[in-house]
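# turn this into a structure:
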Amino acid sequence: MSNGKVAKDVMVGIFEYPHVPYWFTISQAIRIVKVSFLSAKKYPEPMAVLVFDEKYNLMGTLTLKDILKGLEPRFLKPSEKAQVPKEDESTLSLIWDTLFTKESKELAEKPVSEIMVPAKNFVEPNDPLTKAAYLMLHNDLVLLPVLEGKKKFVGLVRMIEVFDSISDAILKE
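You can find the predicted model right below:
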């Protein structure tokens, strides 16, 4: 279906994405994102930071969504106060105004290891692209590490390239 493509045919290099050690704080990761992506006007899909251990082994990834959820845990669990009738806009406005406040600044000092998405799934460079698609879809991943010999981190497969390759194969049939 994917024209016989394998992971290495579509993978991007590990240096396409900024990376941090797992002990960095969320606020340090935010600064890295701002310098690497926003100030540089570089917007790879998805914008993510790679998280490594001290031996430079990939531990996980951190997307902008993960960072925002780490700064405001109430986004994960809607509070009872958030269940406001639609017609009560003033009450709803007060709820929105309480998000991302002083508490978020305190939460920004947590290590990124607490909010990252652990790298549990991977493909080898010669694995079929359909395997990458399967793992990404079934594990809700936008990035999938490519490991050589199940050890050496050599690149990333992104959902955008998987989609492009598979959709090209479908449209050609």
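# need the strands for the chain, in chain order.
19-21, 48-52, 58-63, 117-118, 143-148, 152-158 (DSSP state E).
# the bottom helix or strand of the chain by mean pLDDT?
Sorted by mean pLDDT, DSSP states H and E, the helices and strands of the chain end with helix 89-97, the least confident at a mean of 60.
# show me where pLDDT drops low in the chain?
Scanning the chain for pLDDT under 70 picks out the ranges 1-3, 40, 74-99, 173.
# so in it, which helix runs the longest?
Identified as the longest helix of the chain according to DSSP state H is helix 159-172.
# list the contacts for the residue nearest to the spatial centre of the chain?
Geometric centre of the chain, nearest residue: residue 63, 3.2 Å, by Cα atoms, centre = their mean. By Cβ atoms under 8 Å, 6 or more residues apart in numbering, the contact set of residue 63 is 46, 47, 48, 49, 117, 142. In this view, the C-beta of every residue, glycine as well, is placed from N, C-alpha and C.
# what distance separates the start and the end of stretch 31-48?
Stretch 31-48 has an end-to-end distance of 13 Å (Cα to Cα, to the nearest Å).
# ok, back up a step: and the longest helix of the chain, how far out from the chain's middle?
In terms of Cα atoms, centre = their mean, to the nearest Å, the centre of helix 159-172 is found 21 Å from the chain centre.
# now residue 22: closest residue in space that isn't a chain neighbour?
residue 113 (4.1 Å; Cβ to Cβ, 6 or more residues apart in numbering).
# what's the answer for residue 159, then?
residue 142 (4.9 Å).
# quick one: that neighbour and residue 48 touch, right?
Yes: assessed by Cβ atoms under 8 Å, residue 142 is found in contact with residue 48 at 7.4 Å.
# so what's residue 152 bridging to?
residue 148 (DSSP bridges).
# swap that for residue 12, sorry
Residue 12 forms beta bridges with residue 156, as assigned by DSSP bridges.
# which residues touch it?
Applying Cβ under 8 Å, 6+ apart, the residues near residue 12 are 44, 155, 156, 157, 158, 161.
# ok, the second one - contacts?
Contacts for residue 155 (Cβ under 8 Å, 6+ apart) come out as 7, 8, 11, 12, 13, 14, 125, 145, 146.
# separation between the second one and residue 154?
For residue 8, the distance to residue 154 (Cβ to Cβ, to the nearest Å) stands at 8 Å.
# now swap in the first one and tell me
Distance of residue 7 to residue 154, computed by Cβ to Cβ: 9 Å.
# the two: who's more crowded?
Comparing residue 7 with residue 154 by other Cβ atoms under 10 Å, the one with more neighbours is residue 7, at 26 against 17.
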